[in-house]
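J.: sequence plus the predicted model coming up.
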Amino acid sequence: MNVSEPVAADEVLSCDVAVVGAGPAGLMVAEQLAQSGLSVHVFEAKASVARKFLLAGKGGLNLTHSEDFASFVTRYGERAVQLQPLLTRWGSDALREWVKALGFDTFVGTSGRVFPADMKAAPLLRGWLSRLKGQGVVFHTRHRWLGWDEDKLPVFQREQSQCRLQCKALVLATGGGSWARLGSDGAWFPWLQERGVEMAPLRPSNCGFDVGWSDGREPGWSDVFSQRFAGQPFKSVALHYADDSGGSFARQGEFVATQSGLEGSLIYAVSSLLRERIAKDGSARFQLDLLPQWTQERVEQEALRPRGSRSLSSHLKGRLGLDGIKTGLLYEVLGKDGMADAKLLASTIKAVPMTVIAPRPMDEAISTAGGVRFEALDANGMCTALPGVFCAGEMLDWEAPTGGYLLTACMSSGVHAAQGVLNYLHSQ
């Protein structure tokens with residue numbers, strides 16, 4: 001969706017407000033400010049806008065979550081205190097009303113997640129861009145922000161030249177540091193740090209992990225396991241994690257085995273706890289319950305039944321409904337000798353010990369933690385070290401699990417930053 005406006009080479013552009021980054025946060029900033037009658041220009045490094053938004057919608061665009069507000073806010077962990085007033089003003093209900101105003105219905109799935117009626121991101125984005133252009137928002141694609149020049153003017157790299165920008169306020173909504181090919185590469189981090197903005201290191205969030213073993217084996221799955229099961233899902237399992245720092249997690253769900261470890265929604269949900277434990281201790285340990293719907297007693301009863309001439313695999317499938325990747329994991333953890341011990345096997349089925357030793361690289365993560373600390377911003381979302389410069393979206397130091405929480409907070413922070421810009425301009 002290329003909505004680029006042509007500009008002359010090496011010129012100095014001017015507008016009331018410039019927004020850097022055409023993801024959901026940046027587009028929401030632009031919409032809010034354009035409605036107030038300001039001239040708004042949006043600058044995007046890529047050839048088209050909202051690429052990550054479109055990619056997220058390929059499997060069904062998860063807009064937000066329908067759970068009660070008190071539970072919703074807790075999904076933002078340590079930053080719930082800072083995000084609560086933003087989400088109170090513009091949260092899940094407001095997002096659904098916003099979608100409705102664009103002409104699209106939403107529905108709540110069985111998991112409580114909210115989707116557009118047609119599950120698609122592209123029609124919603126087209127409608128949004130049409131409305132923004134009708135409001136006078138000017139888009140500049142293939143304009144990569146390079147920081148500031150010696151006169152403290154924002155500088156952009158175009159295909160054949162550079163241009164500078166004069167504006168009354170600058171809103172940065174550049175995304176975090178994951179999925180660089182879609183535009184979020186974190187290149188802005190040192191530019192803000194050098195100008196005195198307090199920053200938290202960027203770290204992967206909603207990410208996969210590499211597995212390790214406590215018995216001295218090489219990290220990762222065995223060749224047999226990875227060849228047979230990489231890419232296959234663990235369905236209907238429960239993950240239990242607890243550490244000596246007070247971190248705990250218990251949830252049922254599913255995830256996928258990768259060539260070297262684990263990824264998927266259940267792993268993403270606990271990723272921040274695992275990441276921090278690895279950073280502290282070099283590894284993190286948790287347990288998997290392969291049959292969460294079964295009691296320990298029932299598992300033991302079935303596992304201890306004589307199997308006669310049947311193979312162990314046939315016995316596990318017939319008595320416990322275990323086969324495929326779940327049985328493969330048991331062999332991976334226990335080995336043949338351990339599998340022959342029925343009591344050990346039964347206890348392991350309900351609590352498979354897993355160790356992860358490293359998060360996957362940040363560019364593979366769905367989102368990132370870290371960025372501009374809330375402590376570096378005033379009540380309007382403006383950098384105290386950079387008057388007239390505001391921040392929104394994933395480049396702020398917060399994180400949340402998948403399930404609509406990321407998109408909701410990005411757009412909510414865009415509404416907040418836009419109001420902050422209006423407050424700032426009115427005070428000048």
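T.: Arrived safely. Numbers count the residues shown, from 1 in each chain.
J.: neighbouring contacts of stretch 12-22?
T.: 7, 26, 29-30, 33, 38-44, 49-50, 138-141, 145, 153-154, 163-175, 183, 393, 395, 421, 425 (Cβ atoms under 8 Å, 6 or more residues apart in numbering). From N, CA and C alone the C-beta is placed, and that goes for glycine too.
J.: and if we set it to 7 Å?
T.: Under the criterion Cβ atoms under 7 Å, 6 or more residues apart in numbering, residues 7, 26, 29-30, 33, 38-44, 49-50, 139, 145, 154, 163-175, 421 lie in contact with stretch 12-22.
J.: buried ones in it?
T.: Leu13, Cys15, Asp16, Val17, Ala18, Val19, Val20, Gly21, Ala22 (16 or more other Cβ atoms under 10 Å).
J.: can you check stretch 248-259 too?
T.: By neighbour count on 16+ other Cβ under 10 Å, the buried set for stretch 248-259 is Phe249, Gly253, Phe255, Val256, Ala257, Thr258.
J.: skipping adjacent residues, who's closest to the third one in space?
T.: I take that to be Phe255. Gly264 (3.2 Å; Cβ to Cβ, 6 or more residues apart in numbering).
J.: I'd like to know how many residues surround the one you found.
T.: 17 (other Cβ atoms under 10 Å).
J.: so what's it up against?
T.: Glu254, Phe255, Val256.
J.: ditto for Val415
T.: Contact analysis of Val415 by Cβ under 7 Å, 6+ apart lists Met28, Gln32, Arg89, Trp90.
J.: which of those are buried?
T.: Met28, Gln32, Trp90.
J.: helices - which of those residues land there?
T.: In this view, those that belong to helices under DSSP state H are Met28, Gln32.
J.: any chance of the buried ones among the contacts of Val415 in a markdown table with distance to Ala303 and pLDDT as columns?
T.: Formatted as a markdown table, the buried ones among the contacts of Val415 follow (distance: Cβ to Cβ, whole Å; pLDDT from 0 to 100):
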| residue | distance to Ala303 | pLDDT |
| --- | --- | --- |
| Met28 | 54 | 98 |
| Gln32 | 60 | 97 |
| Trp90 | 52 | 98 |
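J.: looking at the buried ones among the contacts of Val415, spot the one nearest Ala238.
T.: Checking those against Ala238 with Cβ to Cβ, the nearest one is Trp90 at 34.4 Å.
J.: need phi/psi at the closest one.
T.: Phi and psi for Trp90, reported as degrees, to the nearest 10, are phi -150, psi 100.
J.: disregarding residues adjacent in the polypeptide, which is nearest to it?
T.: Val415 (4.3 Å).
J.: and Phe104, by the same measure?
T.: Phe104's closest residue in space is Pro116 (Cβ to Cβ, 6+ apart), at 5.2 Å.
J.: over to that neighbour: give its phi and psi.
T.: Per-residue torsions, Pro116: phi -60, psi 150 (degrees, to the nearest 10).
J.: now swap in the one 5 residues further on and tell me
T.: Phi and psi for Ala121, reported as degrees, to the nearest 10, are phi -90, psi -40.
J.: equivalent analysis for Asp105, please.
T.: Recorded main-chain torsions at Asp105 are phi -90, psi 160, according to degrees, to the nearest 10.
J.: now the strands: where do they sit in the stretch 201-350 of the chain?
T.: 209-212, 233-242, 248-257, 261-263, 284-289 (DSSP state E, counting those that start in this stretch).
J.: in CSV, list the buried ones among the contacts of Val415 along with distance to Phe229.
T.: Below are these laid out as CSV (distance: Cβ to Cβ, whole Å):
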residue, distance to Phe229
Met28, 41
Gln32, 48
Trp90, 43
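J.: off-centre distance for stretch 152-172?
T.: For stretch 152-172, the distance from its own C-alpha centre to the chain's C-alpha centre is 28 Å (Cα atoms, centre = their mean, to the nearest Å).
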